[in-house]
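1. Sequence first, predicted model second:
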Amino acid sequence: MTAPPPAPSSGPSTPRRRGRPPRAGRTAADVPAARDRILDAARETFAAHGYDKASVRAIARRAEVDPALVHHYFGTKEQVFEAAVAKAAAPVLAGPSVLAEGDPREIGERMTRLFFSVWENPASREPLLAIIRSVVTHQTAARIFRQFITKNLVSRVAQRLPAPDIETRIELAVAQLVGVAMLRYVLRAEPLASAEAEDLIRRLSPVVQFHLAGGPPPLPPEH
């Protein structure tokens, strides 16, 4: 009696990658999007629970990935938060190039318009609001945010505006704009919350110009 023929081969076996496999239902095509899913999940988790109560495991659960993948892409919770800040603040980082272009006497208006263009757009405002909620409630989150802004905005702008005490000037300008953003978009304080953006730009631009370039701020033109 002859032995049955061997089962057909399914082809050469694919070597397994190190690390934990993706969760069931995820395919290799999902892998490139995993990083973005993690960042979106991180922003949502930090907004919902605050920096202190958010965890890598909770972020992974919301992103539907293994916690090991979060560590693989970002490392610690601090590094995840920093990456989430970078993604949320990406539109603001156009500041240095915007300030370098055009008439130096209009730097204040260009910076103010850039700032409002980011905050007035829901697509860029919501990620920033989620980050700000953690920043105002936790010292570590505030430190990470402050270091990121100093490194990626203040220092880069300072290189393009060589003037005495320029870093202090830039921080004063940023503080002016961030203060308005907190009242208008976070606290929803009236009348700032309902004011026309163009009116606020008209009022704030001379003050920002004063901080950046010095000299007495000109009065905004009357309507």
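-> Alright, I've got the coordinates. Residues are numbered from 1 along each chain as shown.
2. Grab the most central residue of the protein for me.
-> Compute the mean C-alpha point of the chain, and by Cα atoms, centre = their mean the closest residue is residue 88, 2.1 Å away.
3. End to end on stretch 55-73, go ahead and measure it.
-> Distance between the two ends of stretch 55-73: 15 Å, counting by Cα to Cα, to the nearest Å.
4. picking that back up, in the helix or strand harbouring the residue nearest to the centre of the chain, what's buried?
-> Assigned by DSSP states H and E, residue 88 belongs to helix 77-89. Buried residues in helix 77-89, counted by 16 or more other Cβ atoms under 10 Å: 77, 80, 81, 82, 83, 84, 85, 87, 88, 89. All C-beta atoms are positioned from the backbone trio N, CA, C, and that covers glycine.
5. Tell me the predicted confidence for the second one.
-> At residue 80, the predicted lDDT confidence score is 92.
6. who touches it in this structure?
-> 38, 39, 42, 56, 59, 70, 74 (Cβ atoms under 8 Å, 6 or more residues apart in numbering).
7. Run a quick neighbour tally on the third one.
-> Each residue near residue 42 was counted by other Cβ atoms under 10 Å, and the total is 28.
8. Which strands and helices lie in contact with the helix or strand it falls within?
-> Assigning secondary structure by DSSP H and E places residue 42 in helix 31-53. Contact analysis of helix 31-53 by 3 or more Cβ pairs under 8 Å, 6 or more residues apart in numbering; DSSP states H and E lists helix 56-63, helix 67-73, helix 77-89, helix 122-135, helix 139-149 as its packing neighbours.
9. Please work out the average pLDDT along the last one.
-> What it means is helix 139-149. 86.
10. Just the buried residues of it, please?
-> For helix 139-149, by 16+ other Cβ under 10 Å, it's 141, 144, 145, 148, 149.
11. now the helix or strand immediately after it in the chain: how far from the chain's centre is it?
-> Per DSSP H and E, the first helix or strand lying C-terminal to helix 139-149 is helix 155-160. Mean C-alpha position of helix 155-160 versus that of the full chain (Cα atoms, centre = their mean, to the nearest Å) differs by 19 Å.
12. Report the contact partners of the residue nearest to the centre of the chain.
-> Each residue near residue 88 by Cβ under 8 Å, 6+ apart is listed here: 43, 124, 127, 128, 130, 131.
13. Return the distance of it relative to residue 50.
-> Separation of residue 88 from residue 50 (Cβ to Cβ, to the nearest Å): 16 Å.
14. same deal with residue 36?
-> Taking Cβ to Cβ, one finds residue 36 at 23 Å from residue 50.
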